[in-house]
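# No letters, just coordinates:
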Ligand code: SF4
């Protein structure tokens, strides 16, 4: 069996920003099921269990959105518990997250550091450029 990378959207199209160019605003309108909400712990467990059953050598879990931090820090703590439980072959695990960074605080940062997450923060360059498009629901730029 091969190494495997899984791309997970744990918050469906939910986001705490409202970027002008976000494709989700269009995509969601055309979906039969507009939004699947936050992924349940039960689904997360099935996903982790099956991934480890299938993979050899390496497993990669990458989280993106919507905004993946909206699943909550406890969701990711549970992910680590599940990885420890189901990684019976003791293969390499790579965790990554792409986030707008809006709710990242010291506790999140410590968790990511401790568990060696690769963290991508979405920024559109300097403030004047970023704030043109990456705005909140009230139209305020999110750079700060
Ligand atoms: S942060 Fe990402 S998901 Fe959220 S509105 Fe902006 S582009 Fe869309």
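Sure thing, it's come through. Being a predicted model, the structure only gives us computed values, none of them experimental. Numbers count the residues shown, from 1 in each chain.

# Next one: residue 63 from the ligand, what distance?
According to CB to the nearest ligand atom, to the nearest Å, residue 63 stands 12 Å off from the ligand. C-betas here are computed from N, CA, C, even on glycine.

# Contact partners for the residue lying closest to that residue once chain neighbours are set aside?
Nearest non-adjacent residue to residue 63, counting by CB to CB, 6 or more residues apart in numbering: residue 97, 4.5 Å away. If you count contacts by CB atoms under 8 Å, 6 or more residues apart in numbering, residue 97 has them with 62, 63, 64, 68, 69, 112, 117, 118, 119, 120.

# how about a markdown table for those residues, with secondary structure, pLDDT and neighbour count added?
What follows is those, written out as a markdown table (DSSP: H, G, I helix; E, B strand; the rest coil; pLDDT from 0 to 100; neighbours: other CB atoms under 10 Å):
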| residue | secondary structure | pLDDT | neighbour count |
| --- | --- | --- | --- |
| 62 | strand | 98 | 18 |
| 63 | strand | 98 | 24 |
| 64 | coil | 96 | 17 |
| 68 | helix | 98 | 22 |
| 69 | helix | 98 | 23 |
| 112 | helix | 98 | 19 |
| 117 | coil | 98 | 21 |
| 118 | strand | 98 | 12 |
| 119 | strand | 98 | 15 |
| 120 | strand | 98 | 13 |
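
# Let's have those in CSV, adding distance to residue 91.
What follows is the contacts of residue 97, written out as CSV (distance: CB to CB, whole Å):
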residue, distance to residue 91
62, 16
63, 19
64, 23
68, 23
69, 26
112, 21
117, 17
118, 17
119, 22
120, 23
